[in-house]
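>>> Model the following, please.
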Amino acid sequence: MTVESCIESVPERASCDAPGTSRDSRTSFGLFRPEYRPDIDGLRAVAVLAVVAYHAFPGWIDGGFIGVDMFFVISGFLISTILCHSLEQESFSFLEFYRRRIRRIFPALLVVLIVSYALGWVLMLADEFKQLGKHMAAGAGFVSNLVLWNESGYFETAAETKPLLHLWSLGIEEQFYIVWPILLWAAWKNKFPIITLTMAVAAVSFALNLSQYRVDGVAAFYSPQTRFWELLAGAVLSYVLLHHVTLVARMNTRVHGWSARVSAGNAWGPGSWRGLPNLLSLCGASLVVFSLTTVTSHTPFPGTWAVLPVLGSVCLIAAGSRAWVNRVVLSNPMVVWVGVISYPLYLWHWPLLSYARIIEGELPVAPIRMVVVAAAIVLAWLTYKLVEHPVRFNMRAQGTAVALVSIMMVTGYTGYRTFHMDGLKNRSVVERNADPDATITYEANRSVDCVIADVSEYVVCEKYLAENPTGTVVMWGDSTAGMWLPVFLDVAKPQHLNVIRIELKSCPPLLGVRKTRFDYPTSRFYCDKQTKEDILDFIKSVKPDSIVVLAAWNSFSPYTNREFITDGSEGDANAATTARAIERQVPMTLKALSEVGRVVVFKSWPFLPGQPVYPVNRLPFVNGNQNIVRASSGDFKKDSEFIEAVFKKIDFRVEFFDPAARICDAESCSSVYKQVKLYKDYYHITIAGAIQFRSEIESLISARHS
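Below you'll find the model as predicted:
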């Protein structure tokens, strides 16, 4: 029987002695030997239930997502125990290690990936299914964290409709499993102190975490480099417990004597809480509870806050199975049972909750979420009993790992093909929900990337070239440029116009500014590259007839403080620097552009107070619920007052187009106009919505020679 099968979640294997050890030589902690630890399964249960509660019942446990950090510590501890013991026994084999990892991780993951894909086939529209395909390929390749890193933040609303979002943590763990065994083996072969290596790598990872989370919170959240220290905290503990039993026992004796003096005569009874194990378990439990109730989605994370759940988990594991919290709470049979199925429960809960939200079009009511959680628990138990456990421990089956890898490769390729086939639009759910208004099918003769000096790697720049072009239109903006692009292409085609789009999402088309992103207030240099003179030089070089400037100008309203910019070279942006930059750089930029060609500025488009929900018939004969969202016209006017005042002061020729005038009345601005869905989220316009302005845009472009 191997050490690995002893110390992981296999309660039926109650005790497994490491070779060369005897029970008499072990300490009273009950943990300094590689044996099954029911309390670790109990800690797994706390971690997974925290995550499930956080996802299923928002507001109940604000810090429930720290359960993932607890999982990292547990994984680092168990894997490092396996690796160190195998190296010391000279029985380590890379092939055997990864074969066991495959048998442990792949079976349940494959079931969830395949079922998630099947549900997506039936329920998802083309763009949703396309994204699912990408995430399935990423999940099969254990790089979900890297893919999600480039998409969005974990806490954004759109994340709730990504059924495989939760696989980011599995990606980090598997990346650790690839790197860490190689480093440990190299250190062991070269007689380099393993504890020195572990602490050095952990220190570097923690330093990267501290330096990154203030600059780019998404990167810090998803990057393996900024997360490995959490797994390595468990690795350090593993080394200490395996190699410094005498030191720990000496510490226990001292704490025992101190606690005996403190507790003498109190109500708890003499000695009932004495010793290092109980002190560690109480501290660990307190840190975990404090983290769950204090950390929120608005807390800069991981950063320094992640130390709390990590240290709490380390303390609970170090306390051993005989400490009171571990023995009474974490080793409770029901808690242990949840811990045993924690891996498939983690895999199942999020796809089910995500699909429930997709079907409902909003957060399902509490009873539905309760049913979903119950279903996840049942599926987790069935997956463990029928798939995970039989595959993992059937040592007689030869070639299991190879078969699992082969199936995973096919699964990943299926996701990859789904992504590249644009979500397989011939599925019945897509055809059932086809929007007859979204019929722009303009295909440019060719689209080529632009080259704009030093900013090309930061800025999306594309040329749509017409045959025998009669002129050129340049669109420069934030993501607003992308949302209006299809209509411009459709209008430009019969007029034989080239269209060039220059875009960097969430960055205003202004020269000489940099932005502090609203979600990461100290990200000091976002947009800095885009706003260099290189873009102006490029626009001059293409000699456009018209330059269309598009932005969410009301994002920079001093009344909302959604986002901040500055035209200074130092310091953070704030409301004051934003007002100054808008007043200075808007006229300066438009003046510079007006010297190149005709300038048209798209004014602000209203922000909705929430996500619109449109009727989607995801299941045959079941109509979805429609929720028309309205923004207050008064609020929109107030948001736009500042930029409107700046526009009115411009004393050179610039034309303005106000799309909001079409959809806003004296009371409100609606997400639906003449039965047409205008918004695809809280801000961006749909293609069908943009088509409603085709005649105005055609007039704007046709007037290019005036």
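
>>> you'd agree R432 is up against L619?
No. Judged on CB atoms under 8 Å, R432 makes no contact with L619 at a distance of 9.3 Å. The C-beta positions use only the backbone N, C-alpha and C, and glycine is treated the same way.

>>> Give me the helices and strands touching the longest helix along the chain, please.
Of all segments of type helix in the chain, defined using DSSP state H, the longest is helix 94-123. Using 3 or more CB pairs under 8 Å, 6 or more residues apart in numbering; DSSP states H and E as the contact criterion, the secondary-structure elements in contact with helix 94-123 are helix 67-88, helix 126-140, helix 167-189, helix 342-360, helix 366-383, helix 389-393, helix 400-420.

>>> Which of those helices comes out lowest on mean pLDDT?
Taking the mean pLDDT of each of those, the lowest value is held by helix 389-393, a mean of 88.

>>> May I see the buried residues of that helix?
Neighbour counts using 16 or more other CB atoms under 10 Å place 389, 391-392 of helix 389-393 among the buried residues.

>>> now for the helices and strands packed on helix 94-123, which one comes closest to T531?
Closest approach to T531 among these (CB to CB): helix 126-140, 30.3 Å.

>>> Give the rounded mean pLDDT of whichever helix or strand comes after that closest one.
Counting by DSSP states H and E, the next helix or strand C-terminal to helix 126-140 is helix 144-149. Per-residue pLDDT values across helix 144-149 average out to 90.

>>> just stretch 607-615 next, same as before
The pLDDT scores in stretch 607-615 average 76.

>>> Need the pLDDT of the residue nearest to T294 when sequence neighbours are not counted.
Nearest residue to T294, sequence neighbours excluded (CB to CB, 6 or more residues apart in numbering): G63, at 6.3 Å. In this model, G63 is scored at 91, pLDDT.

>>> Tally up the residues packed near G63, please.
24 (other CB atoms under 10 Å).

>>> buried ones in the host helix or strand of F290?
When secondary structure is defined using DSSP H and E, the element that contains F290 is helix 276-294. Taking 16+ other CB under 10 Å as the neighbour-count basis, helix 276-294 is seen to contain the buried residues 276-285, 287-288, 291-292.

>>> Tell me, how many residues neighbour F192?
For F192, the number of neighbouring residues by other CB under 10 Å comes to 12.

>>> Tell me who's in contact with it.
A186 (CB atoms under 8 Å, 6 or more residues apart in numbering).

>>> now swap in V429 and tell me
Here V429 is in contact with 122-125, 617-618 (criterion: CB under 8 Å, 6+ apart).

>>> any idea how far H496 is from the residue nearest to T294?
Look at G63 and H496: by CB to CB, to the nearest Å, they are 58 Å apart.

>>> try L170
If you measure L170 against H496 using CB to CB, the figure is 51 Å.

>>> and if you look at K603?
The gap separating K603 from H496 is 28 Å, by CB to CB.

>>> Same drill for those two, tell me which one is more crowded.
Taking neighbours as other CB under 10 Å, K603 and H496 compare with K603 leading, 18 against 12.

>>> Distance of the more buried one relative to E583?
Separation of K603 from E583 (CB to CB) stands at 17 Å.

>>> Also F176?
F176 is 50 Å from E583, where distance means CB to CB.

>>> try F652
16 Å.

>>> quick one: contacts for the residue nearest to T294?
By CB under 8 Å, 6+ apart, the residues touching G63 are 50, 54, 291-296, 299.

>>> Just send the residues you listed back as CSV, with distance to Y98 and pLDDT too.
Listed next are the contacts of G63 as CSV, based on distance: CB to CB, whole Å; pLDDT from 0 to 100:
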residue, distance to Y98, pLDDT
A50, 30, 96
Y54, 32, 95
S291, 33, 94
L292, 34, 94
T293, 39, 92
T294, 39, 92
V295, 34, 90
T296, 38, 87
T299, 36, 82
